[in-house]
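Asker: curious how this folds, go ahead:
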Amino acid sequence: MSSEDEEMEVNKDQSEDGMEDDDDDDDDTSSDSSEEQIDDTKQENELAALREVAQSNLYNYQSHLDYISKAREYGNLEHLRFARQTMSEVFPLTEQLWLEWLDDEKKLLISTTEEDKTLVDLFERAINDYLSIMIWIEYVQYRLPYYMSMNSIENFRNLFERGLSACGVHLPAGGLFWAAYIETEKAILDGLRMNYEQNSESSDLKEKLLQHVDYVLTLYRRQLSVPLRGMSDIYYKDYQSFCEQYKEFLPVNYTEQYDLKVKREFDLALEYLEKCEKFEKELDNTNRSVATYKRYIAFEKEPARIQCLYERAIVDHCLDGDLWLSYIDFAEEHLSSAKLCQAIFDRSLRNCPWVAGLWIRYAEFMESSQTADHSQLKQIYDRALNSDPTNLESFVNIQLAYMQYRRRHYHQQLSTTKAEQCEALKEEIRHACEATCDQYQELFSGTADPKLFLKYNGQLELYWIHFETQSFHSIDRARQIWNGRTLMSKTHNQLIANLWKNFYYTEIHFGDEKHARRVLYRALNHIETMDYPMSVCDLLLEHEKKYGTIEQLKETKEKLKKIQKKLIPKEKPQVNNKKQAEPPKKSKKTTTSKMDTTAPPVHTNGKTNDQPKTSPRKRQLSPEEVQTAKKKPAPATVDNDGFKIPAPPPATSVSTPAPTSTPSSSSTFVNPANTDHLNTAFIANLAYDIDEQKIRDALSPAGPIKDVRIVKHEWSGKSKGFGYVDFATAEGYRQGLKLDHTLINGRPLYISPYDPNRSASNDLTKKFKYSTALEQNKLFIKNLPFSSTKEDVEKLFTEKGFQVKDARLVTHKSGKSKGLAYVEFNDAQTASQAVIQLDGTTIGEHTIQVAISNPPQRKEPVKSTSTEAKPTSLGEAPRATGPRGRGYSQISLVPRKVTAAKTQPATTTTTANAMNNDDFRKMLLNKK
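Answerer: Coordinates of the predicted model:
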């Protein structure tokens with residue numbers, strides 16, 4: 001074989017081997033592509049399932065996050081863009097979500113010097129969702145190359161100025177955006193300087209350079225006048241370094257025009273920064289709570305900083321509806337741009353679509369600013385109803401707001417619309433009102449909270465009736481609603497006195513007095529099961545006095561007497577029992593207030609020596625006791641004011657009697673024998689360290705004061721916490737009683753009329769100045785915030801249009817609120833309406849409860865049925881107890897040697913022949 005043949009054979013073998021290798025590579029490639037195809041199909045199916053979940057429930061926040069996360073993990077751009085777009089249409093996106101989206105889109109850019117309108121639109125949407133310094137910095141960095149290529153300095157400066165208006169006063173991070181702005185200007189300035197150094201003879205370049213230096217100095221001055229973190233480094237390092245670097249280009253009047261002003265404004269801003277840092281630290285310590293933000297906002301006075309604080313609070317508490325409402329209040333008051341206010345409304349509804357108050361305020365704003373026509377306003381109210389259709393309170397409030405808008409719209413159309421069109425509009429409104437009332441019954445009649453249902457029941461129909469009488473002037477239609485819907489079709493409404501009274505007033509104002517009388521007589525058919533029957537009876541009697549004849553008045557009085565006999569007997573036994581229970585209590589008090597000195601039987605050598613039966617005050621005395629009684633009279637145990645005087649310890653030697661002291665505020669006990677009790681007031685709940693002068697100062701608005709007497713303990717000289725005040729005039733006394741609950745050192749002073757026939761202990765424990773019976777014109781409120789004041793309670797009702805007669809907070813003796821209050825109105829009807837509107841209102845974190853004042857009967861103390869005296873041991877006297885169960889005295893009053901006596905159980909400790917200590921002393925002295 002030739003060499004050529006051998007070469008051809010070798011080439012053939014090599015080509016065959018190559019073909020085999022190619023076949024192997026093709027097999028590997030096909031297997032890899034099939035596996036990749038399987039993975040792609042699996043990923044596509046998984047992403048499609050996540051997309052289905054997100055679209056089936058658009059308001060499920062987590063499903064959107066899962067869809068975005070998985071699409072980003074798989075690198076599927078189509079799904080990722082769709083997921084982000086869908087979520088951004090429903091929810092505002094957080095800073096992190098926007099930064100990831102913008103970063104992914106910027107990676108796909110071909111050139112940064114060409115404008116991409118889609119990305120610009122994304123940035124604009126991002127800066128409008130929440131306040132974010134980083135998004136603003138990313139935005140200006142993206143736009144800067146484009147503006148520089150277009151040599152459009154003014155455009156990029158306008159963009160920076162927009163950013164400064166949004167975050168330039170952001171205390172913790174606003175300095176970052178200022179730095180980005182100034183550094184950009186300094187970079188442009190460096191370029192100008194390089195050009196000038198290359199062509200120093202150019203007057204145009206020098207003029208531009210001087211103008212740019214002046215502009216940078218102005219930026220530094222603006223930044224250093226704003227309290228921002230790190231401003232000291234900006235002033236002492238960056239600003240000073242810039243001035244040194246460009247000192248040859250500084251303005252001629254630099255020191256006066258810039259340096260001194262910058263230093264002065266910097267010092268003021270630095271001082272203000274120290275005050276703000278206290279709130280910033282409190283924000284960090286309280287986990288950036290809403291309450292801390294509100295205190296911070298109340299401290300700020302500058303609208304721009306207040307708006308920035310609201311934006312920061314929204315970032316941390318975007319789902320707080322009350323915070324959004326507060327922000328809207330501020331915006332409507334201080335922001336003159338309707339466009340800015342509308343943007344805040346739009347953002348609030350994207351964050352809290354379930355808050356009915358936001359929808360109502362939004363619709364009213366669009367109506368008042370005339371930025372929406374009738375069809376657009378109807379769409380807003382429809383969206384509001386669909387945002388939370390199962391919430392009863394939101395449904396009623398939104399529907400009432402919509403009815404109120406329809407009323408305003410109807411009156412506007414009257415002057416510009418033909419009669420036929422007005423009738424058609426009237427029927428449309430009636431149809432809408434009827435559908436609303438039917439929908440309320442259909443949705444909420446089976447609610448789990450019947451009290452809430454009854455609270456709002458009838459309100460929609462009442463406004464419909466208001467429509468018919470005020471706007472349509474049709475009393476017949478109003479009667480049809482009353483009879484066919486509000487009262488007759490709902491038996492529970494027939495038991496609400498307030499609805500009958502509203503029906504009556506409708507007839508009085510828009511009907512006639514005959515129909516009004518019929519309404520009240522129909523109400524009497526349900527009087528026994530009505531919530532406030534007497535209010536209807538009083539109204540009927542008043543009606544007959546105004547409009548009825550003498551026969552009708554007489555007939556009505558007879559009818560009402562019969563009704564009262566059926567209603568009032570339930571209350572009479574309680575009143576009678578209370579009155580009958582008081583005298584025994586008083587007699588018991590009289591008995592126990594005098595010391596019982598009855599001696600028990602004495603046992604000598606196992607034998608008992610009997611004595612004749614004697615009264616508890618007529619036991620025989622030993623010779624030692626007789627001598628002691630002759631030398632020194634026994635002091636009285638009770639003073640003229642009814643206060644107990646503790647008995648002194650046994651004396652070891654005869655002491656001279658103490659000189660009589662004149663009544664004064666420092667005396668141990670008070671003897672106001674020569675005092676005019678008509679102008680004397682009893683004061684209690686005094687702090688033990690209070691002095692007379694502070695009491696005088698607190699009561700001085702009432703008028704001149706003759707004397708202040710604080711009752712003190714005999715041995716320690718410390719105050720007992722109560723005393724007396726003598727006013728100089730009767731008018732001062734009456735005005736002084738009005739100062740009850742005046743605070744002295746944060747503690748309420750109790751002041752009441754002085755009764756010489758009642759003991760002080762009775763005044764402190766038995767007397768209660770407020771009514772404990774049913775008061776239909778007074779409301780009882782509980783679960784109030786403990787920080788609430790009387791003014792806060794009054795404002796709660798006056799904001800709803802109610803006129804408050806009086807309000808009273810219930811406090812502890814220390815002056816701290818119990819979270820309870822009483823509010824009094826001029827009549828029972830106003831009180832009933834206030835209950836319907838305000839019961840269940842939320843104040844902060846407290847949901848208050850409002851009801852007609854009807855306190856439970858005060859429990860009487862359990863009286864002992866045993867009249868047997870408790871056996872005592874030798875040397876121990878029976879103990880008389882005070883109002884709190886403590887013994888009046890712990891001192892033994894029985895002598896060591898007592899003649900043995902057989903005494904019977906004391907069954908008549910309170911008899912007509914009982915003698916006091918003075919009588920006992922006189923008897924002994926006469927026997928001598």
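Asker: quick one: low-confidence parts of the stretch 401-550 of the chain?
Answerer: Low-confidence segments of the stretch 401-550 of the chain (pLDDT under 70): 447-448, 450, 454, 488-491.
Asker: and the helices in the stretch 151-300 of the chain?
Answerer: Using DSSP state H, counting those that start in this stretch, the helices of the stretch 151-300 of the chain run over 153-167, 174-198, 203-224, 231-233, 240-245, 254, 260-285, 290-299.
Asker: ranking those by mean pLDDT, which is last?
Answerer: Mean pLDDT values for the helices of the stretch 151-300 of the chain show the minimum at helix 254, a mean of 78.
Asker: how far off centre is it?
Answerer: Helix 254 sits 54 Å away from the centroid of its parent chain (CA atoms, centre = their mean, to the nearest Å).
Asker: hmm, who's touching that helix?
Answerer: Counting by CB atoms under 8 Å, 6 or more residues apart in numbering, helix 254 makes contact with 217, 243, all of which sit outside it. The way it works is simple: take the backbone N, C-alpha and C, and place the C-beta from them, glycine included.
Asker: quick one, which of the helices of the stretch 151-300 of the chain gets closest to residue 550.
Answerer: For those, the distance to residue 550 is smallest for helix 290-299, at 63.1 Å, taking CB to CB.
Asker: elements contacting the closest one?
Answerer: helix 260-285, helix 303-316, helix 321-334 (3 or more CB pairs under 8 Å, 6 or more residues apart in numbering; DSSP states H and E).
Asker: any idea which of these is most buried?
Answerer: helix 303-316 (a mean of 19; mean count of other CB atoms under 10 Å).
Asker: in the helix or strand hosting residue 537, what counts as buried?
Answerer: Using DSSP states H and E, residue 537 sits within helix 533-547. Neighbour-count burial for helix 533-547, with 16 or more other CB atoms under 10 Å as criterion, is recorded at 533-537, 539-541, 543-544.
Asker: okay, those residues in TSV with distance to residue 456 next?
Answerer: Below are the buried residues of helix 533-547 laid out as TSV (distance: CB to CB, whole Å):
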residue	distance to residue 456
533	23
534	26
535	21
536	22
537	27
539	24
540	28
541	31
543	29
544	34
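Asker: could you redo the helices and strands packed on helix 290-299 as JSON lines and give each row distance to residue 430?
Answerer: As requested, the helices and strands packed on helix 290-299 are exported to JSON lines (distance: least, CB to CB, whole Å):
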{"stretch": "helix 260-285", "distance to residue 430": "53"}
{"stretch": "helix 303-316", "distance to residue 430": "42"}
{"stretch": "helix 321-334", "distance to residue 430": "33"}
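Asker: so which of the ones you listed gets nearest residue 173?
Answerer: Residue 173 sits nearest to helix 303-316 of all the helices and strands packed on helix 290-299, at 9.7 Å, using CB to CB.
Asker: could you give the angle of the closest one to helix 174-198?
Answerer: Between helix 303-316 and helix 174-198, the angle comes out at 120 degrees (axes from the mean of the first three to the mean of the last three CA atoms, to 10 degrees).
Asker: now the angle from helix 303-316 to helix 290-299?
Answerer: Going by the same axes, to 10 degrees, helix 303-316 makes 170 degrees with helix 290-299.
Asker: gap between helix 303-316 and the chain center?
Answerer: Here the centre of helix 303-316 is set off from its chain's centre by 22 Å, with CA atoms, centre = their mean.
Asker: before we move on, what about stretch 338-352?
Answerer: 25 Å.
Asker: neighbouring contacts of that stretch?
Answerer: With CB under 8 Å, 6+ apart, stretch 338-352 has contacts from 90-92, 128-129, 314, 318-321, 324, 327-328, 331-332, 335, 355, 358-359, 361-362, 365-366, 369, 371.
Asker: now, of these, which are buried?
Answerer: 91-92, 129, 314, 318, 320-321, 324, 327-328, 331-332, 335, 355, 358-359, 361-362, 365-366.
Asker: quick check: domain ranges of the protein?
Answerer: 41-91, 92-168, 171-268, 367-566, 680-758, 778-852 (the TED database).
Asker: first-to-last residue distance for the last one?
Answerer: Domain 778-852 has an end-to-end distance of 6 Å (criterion: CA to CA, to the nearest Å).
Asker: pLDDT of it, averaged?
Answerer: Domain 778-852 shows a mean pLDDT of 85.
Asker: save the domains of the chain as JSON lines, and put in distance to residue 351 too.
Answerer: As requested, the domains of the chain are exported to JSON lines (distance: least, CB to CB, whole Å):
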{"stretch": "domain 41-91", "distance to residue 351": "8"}
{"stretch": "domain 92-168", "distance to residue 351": "6"}
{"stretch": "domain 171-268", "distance to residue 351": "22"}
{"stretch": "domain 367-566", "distance to residue 351": "12"}
{"stretch": "domain 680-758", "distance to residue 351": "41"}
{"stretch": "domain 778-852", "distance to residue 351": "19"}
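Asker: out of the buried residues of helix 533-547, who's nearest residue 837?
Answerer: Taking the buried residues of helix 533-547 together and measuring to residue 837 by CB to CB, the closest member is residue 535, at 17.6 Å.
Asker: for the closest one, which non-adjacent residue is spatially closest?
Answerer: Nearest residue to residue 535, sequence neighbours excluded (CB to CB, 6 or more residues apart in numbering): residue 828, at 4.6 Å.
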